[in-house]
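Colleague: got a structure for you, letters missing:
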């Protein structure tokens, strides 16, 4: 009986191994955890989820955090990667150990209540609002009423960080906000209730929100095309953040998915521009800060020279219109 029992056990073990090994080929990939901040999550979080699953990557679990918390989770190995609305803060050693890859261009937009008569704001005026030097809408051509500057309370928030870096050279500069909110979602809801409010958000997040109004900047409306061509002054990428060393293999898949042409049309419909669609803007982005600083250096009481507002290098417009309309022609 012993040899027969041993043979049966051996066959059972072999059968079990066969089931396990063949089953491994059909099981879905393990879920990957990606940390996101509010602006990036709203911009493309669901696109990342569906694109990753469609590529055979399995489930992509997104977690909502403040920008700095999302980045720190990647540094600590608690999340595989992060999608955030700002670049590296060079004064934080943790972030210098990570790789920030721009995925798509977005715009930083100034928002107010639709009933506010002000339509446009200058870059120098905007800086002085955030610095607390301009406190009344009358100074911006509006009603005689105090300016209620709203801001996100979290330190080094993505959208706030990029705006402050553009206006003051550093993203961690304190500003004169009088009201603070958890994230851009709650901030936008508050602006929709206050005709004297002003705040910053992302173009991808607010372009379809009829309860708020986007202000022009130096007379240029914040559109996707204006951002891509460099005509709108406040452009900012959405970044994929990963560990420079020992990043999970799943992150490479996610990076590929986010750069696929199949995702590009969806990004454009949300007023985002895939990085490869704006090579000129990507190349001159760092030098663009010098242009902003040159504008900001002109005293507010003096007019700006026209050339200061023109991008040093700009993507040329097509000379001949295409025979059939393309998505971009109506996707501003």
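Modeller: Sure, I can see it. These numbers come from a predicted model, not from an experiment.

Colleague: how is this structure carved up into domains?
Modeller: Using automatic domain parsing, the domain ranges for the chain come out as 32-105+237-286, 107-234.

Colleague: for residue 294, which of the ones you listed is the nearest?
Modeller: domain 107-234 (10.4 Å; Cβ to Cβ). Yep, even glycine has a C-beta here, placed from its N, CA and C like the rest.

Colleague: to residue 296, which of the domains of the chain lies closest?
Modeller: With Cβ to Cβ as the yardstick, what comes closest out of the domains of the chain is domain 107-234 (5.8 Å).

Colleague: for residue 304, which of the domains of the chain is the nearest?
Modeller: That would be, of the domains of the chain and by Cβ to Cβ, domain 107-234, which comes in at 7.8 Å.

Colleague: that older thread, worst mean pLDDT among the domains of the chain?
Modeller: In terms of average pLDDT, domain 32-105+237-286 trails the rest of the domains of the chain, at a mean of 93.

Colleague: centre of the chain to that domain, how far?
Modeller: Domain 32-105+237-286 sits 9 Å away from the centroid of its parent chain (Cα atoms, centre = their mean, to the nearest Å).

Colleague: same question for stretch 185-200.
Modeller: On Cα atoms, centre = their mean, the centre of stretch 185-200 falls 19 Å from that of its chain.

Colleague: just the buried positions in it, please.
Modeller: 185, 187-188, 191-192, 194-200 (16 or more other Cβ atoms under 10 Å).

Colleague: go through those residues and flag which are in strands.
Modeller: For the buried residues of stretch 185-200, the ones inside strands are 197-200, with DSSP state E as the criterion.

Colleague: nearest to residue 109, of those residues?
Modeller: Nearest member of these to residue 109, counting by Cβ to Cβ, is residue 200, at 6.9 Å.

Colleague: so where does the closest residue to the closest one other than its chain neighbours fall, helix or strand?
Modeller: Of all residues not flanking residue 200 in the chain, residue 163 sits nearest, at 4.8 Å (Cβ to Cβ, 6 or more residues apart in numbering). Using DSSP states H and E, residue 163 falls within helix 158-168.

Colleague: so the strand ranked longest in the chain versus helix 158-168, what angle?
Modeller: Ranked by residue count under DSSP E, the longest strand found in the chain is strand 98-112. Calculated by axes from the mean of the first three to the mean of the last three Cα atoms, to 10 degrees, strand 98-112 forms an angle of 80 degrees with helix 158-168.

Colleague: quick one: list the elements packing against the helix or strand following strand 98-112.
Modeller: Once the chain leaves strand 98-112, the next helix or strand it forms, by DSSP H and E, is strand 120-121. The elements that strand 120-121 packs onto, with contact taken as 3 or more Cβ pairs under 8 Å, 6 or more residues apart in numbering; DSSP states H and E, are strand 216-217.

Colleague: 10 Å instead, please
Modeller: strand 98-112, strand 216-217 (3 or more Cβ pairs under 10 Å, 6 or more residues apart in numbering; DSSP states H and E).

Colleague: how far off centre is the next helix or strand after it?
Modeller: Moving toward the C-terminus from strand 120-121, the next helix or strand (DSSP H and E) is helix 123-131. Counting by Cα atoms, centre = their mean, helix 123-131 is centred 22 Å from the centre of its parent chain.

Colleague: how about stretch 140-151?
Modeller: Per Cα atoms, centre = their mean, the centroid offset for stretch 140-151 relative to its chain is 26 Å.

Colleague: enumerate the positions of that stretch that are buried.
Modeller: Applying 16+ other Cβ under 10 Å to stretch 140-151 flags 140, 142, 147-151 as buried.
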